[in-house]
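Student: Please work out how this folds:
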Amino acid sequence: MINVALVGTGSIAGTHLEAFARFKDRCRITALVDRSGEKAEKLKERFGLDCAIYSDYEDVLKLDSVDLVSLCTPPSTHANLASAFLLAGKHVLVEKPMAPSLSECDQMLEAAAKGDALLSVVGQNRFYDPIRRVKQVLDAGLAGRIVHAEANSYWWRGRSYYDVEWRGTWESEGGGCVMNHAVHHLDLLLWIRGMPSEVQAVTVNTSHENSQVEDLSIAILKYPDGGLAQVTSSVVHHGEEQRLVFQGERAKVGMPWQLYASTEGDGGFPQRNPNLEAEIQQVAEELAPLQYTGHAGQMDDVLRAIESGSRQVMIDGIEGRKTIELIMAIYESSATGKPVALPLSKDSIFYAQERILREAPRFHSKA
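Tutor: Numbering: from 1, shown residues only. Have a look, this model is predicted:
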């Protein structure tokens, strides 16, 4: 039985507890950490938990009754909290984004190594069958080399969304819609397409005067094989349509599920290729569905890694860091107005948190 402490009792905490509740024969919640205790008491009652409540995370560090920490606090706290638990030998599952800077990501990775503990970063969308089908088809190569990818992370948030004290600031949230909304789509894009070699981007704040950070961003990614991708991150899009589309040399595949294959007809004009579409559809349908999806799928992955002793999870700290690196490249390109090459060096103005806090507000623009 794996003993779990949940640190942070905001809105995402309930999602974590619901997911862990799927595995009552494999884990149990032994501690909740909440500064005031009020939210923790409500969660304890709501989920019928038999656990202790602590106001200070340091009280949990030396508890033998805690094997895994589920970290649900604001992004600016992730590095110090996760590092403390990892160094104490506790496994950590940390909510996205991993941290608001690459230096903090590196701090967490170092702590995991020193503490010989597992570090996993939440990316629950990898644990959904629709995106897994897209990846399976593209990995099979039936669509051909990917020449263009499109990631639309469209959300809508009103002004009062940023009235929450830790939102809308570089210090607490670490960025805007790119960091805290598009992080899901960027993780999936990296999972399927890999890291680009160059980024050029523009970010603006169009509609939220009570926020320091961007509410709209457009980024162009260039890949070593010559392909391109475009990523739109937004909290100003009505309808919140979200999609990932990959244009291969022979076919288009996307999520929500899209499939269209073309071949060359007379004069070079497109002619639909139903035979290839049928072949791709068959490969997509061969994928066995996951038993657990979303957060529950990721909790299952983490619990299995601990139970087996393998420490191998789908989204470890290195994978989580990749997403932050791409986000920081987007911010640096917007700040400087220039293309940014990847990987980022420690000289980047968006590597360390103290430099981000100094430089980002000065460069950020409002529409």
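Student: what ranges of the stretch 251-367 of the chain fall below the confidence cut-off?
Tutor: 361-367 (pLDDT under 70).
Student: Where do the helices of it begin and end?
Tutor: Assigned by DSSP state H, counting those that start in this stretch, the stretch 251-367 of the chain shows helices spanning 274-285, 294-308, 317-336, 353-363.
Student: Only C-alpha atoms, please: export the second one in PDB.
Tutor: What follows is the C-alpha trace of helix 294-308 in PDB, where atoms were taken according to Å, rounded to 0.1, in the frame of the first residue of the first chain:
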ATOM      1  CA  GLY A 294      -6.700  11.500 -17.600                       C
ATOM      2  CA  HIS A 295      -5.300  12.100 -14.100                       C
ATOM      3  CA  ALA A 296      -6.300   8.500 -13.100                       C
ATOM      4  CA  GLY A 297      -4.200   7.200 -16.000                       C
ATOM      5  CA  GLN A 298      -1.200   9.200 -14.800                       C
ATOM      6  CA  MET A 299      -1.800   8.100 -11.200                       C
ATOM      7  CA  ASP A 300      -1.900   4.500 -12.300                       C
ATOM      8  CA  ASP A 301       1.400   5.100 -14.200                       C
ATOM      9  CA  VAL A 302       3.100   6.600 -11.100                       C
ATOM     10  CA  LEU A 303       1.800   3.900  -8.800                       C
ATOM     11  CA  ARG A 304       3.000   1.100 -11.100                       C
ATOM     12  CA  ALA A 305       6.500   2.700 -11.200                       C
ATOM     13  CA  ILE A 306       6.700   2.800  -7.500                       C
ATOM     14  CA  GLU A 307       5.200  -0.700  -7.000                       C
ATOM     15  CA  SER A 308       7.500  -2.300  -9.600                       C
END
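Student: Run the chain-centre distance for it.
Tutor: 16 Å (Cα atoms, centre = their mean, to the nearest Å).
Student: Okay, residue 239 and residue 227: tell me how far apart.
Tutor: Taking Cβ to Cβ, to the nearest Å as the measure, residue 239 and residue 227 are separated by 28 Å. From N, CA and C alone the C-beta is placed, and that goes for glycine too.
Student: neighbour-wise, which of these two wins?
Tutor: residue 227 (20 against 8; other Cβ atoms under 10 Å).
Student: Verify the contact between the more buried one and residue 189 for me.
Tutor: No: in this structure residue 227 lies outside contact range of residue 189 using Cβ atoms under 8 Å: 11.8 Å.
Student: hey, what's in contact with both of the two?
Tutor: residue 149 (Cβ atoms under 8 Å, 6 or more residues apart in numbering).
Student: coming back round to it: possible to save the helices of the stretch 251-367 of the chain as TSV with mean neighbour count?
Tutor: Shown next, in TSV, are these (neighbours: other Cβ atoms under 10 Å):
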stretch	mean neighbour count
helix 274-285	15
helix 294-308	19
helix 317-336	24
helix 353-363	15
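Student: can you redo those as a markdown table with distance to residue 179?
Tutor: Formatted as a markdown table, the helices of the stretch 251-367 of the chain follow (distance: least, Cβ to Cβ, whole Å):
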| stretch | distance to residue 179 |
| --- | --- |
| helix 274-285 | 32 |
| helix 294-308 | 20 |
| helix 317-336 | 6 |
| helix 353-363 | 11 |
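Student: To residue 79, which of those helices lies closest?
Tutor: helix 353-363 (8.3 Å; Cβ to Cβ).
Student: Return the list of helices and strands in contact with that closest one.
Tutor: Applying 3 or more Cβ pairs under 8 Å, 6 or more residues apart in numbering; DSSP states H and E, one finds that helix 353-363 makes contact with helix 317-336.
Student: what's the angle from the helix it packs on to helix 353-363?
Tutor: Here helix 317-336 runs at an angle of 30 degrees relative to helix 353-363 (axes from the mean of the first three to the mean of the last three Cα atoms, to 10 degrees).
Student: now helix 317-336: how far from the chain's centre is it?
Tutor: 12 Å.
Student: Can you name every helix or strand that it contacts?
Tutor: By 3+ Cβ pairs under 8 Å, 6+ apart, helix 317-336 packs against helix 102-115, strand 119-121, helix 177-180, helix 183-193, strand 198-205, strand 216-222, strand 340-341, helix 353-363.
Student: Worst mean pLDDT among those?
Tutor: For these, the weakest mean pLDDT is recorded on helix 353-363, namely a mean of 76.
Student: Show me the contact partners of that helix.
Tutor: With Cβ under 8 Å, 6+ apart as the criterion, helix 353-363 contacts 100-101, 103-104, 170-171, 174-175, 212, 331, 334-336, 349-350.
Student: now do 6 Å
Tutor: 101, 170-171, 335, 349-350 (Cβ atoms under 6 Å, 6 or more residues apart in numbering).
Student: Render the CA-only coordinates of it in CSV, please.
Tutor: Taking C-alpha atoms only, helix 353-363 is exported to CSV below (Å, rounded to 0.1, in the frame of the first residue of the first chain):
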residue,chain,number,x,y,z
GLN,A,353,13.7,33.1,-12.1
GLU,A,354,15.4,36.2,-10.8
ARG,A,355,16.3,37.4,-14.3
ILE,A,356,12.8,36.6,-15.6
LEU,A,357,11.3,38.7,-12.9
ARG,A,358,13.6,41.6,-13.9
GLU,A,359,13.3,41.3,-17.7
ALA,A,360,9.8,40.0,-18.5
PRO,A,361,7.7,42.9,-17.3
ARG,A,362,9.9,45.3,-19.2
PHE,A,363,9.5,43.5,-22.5
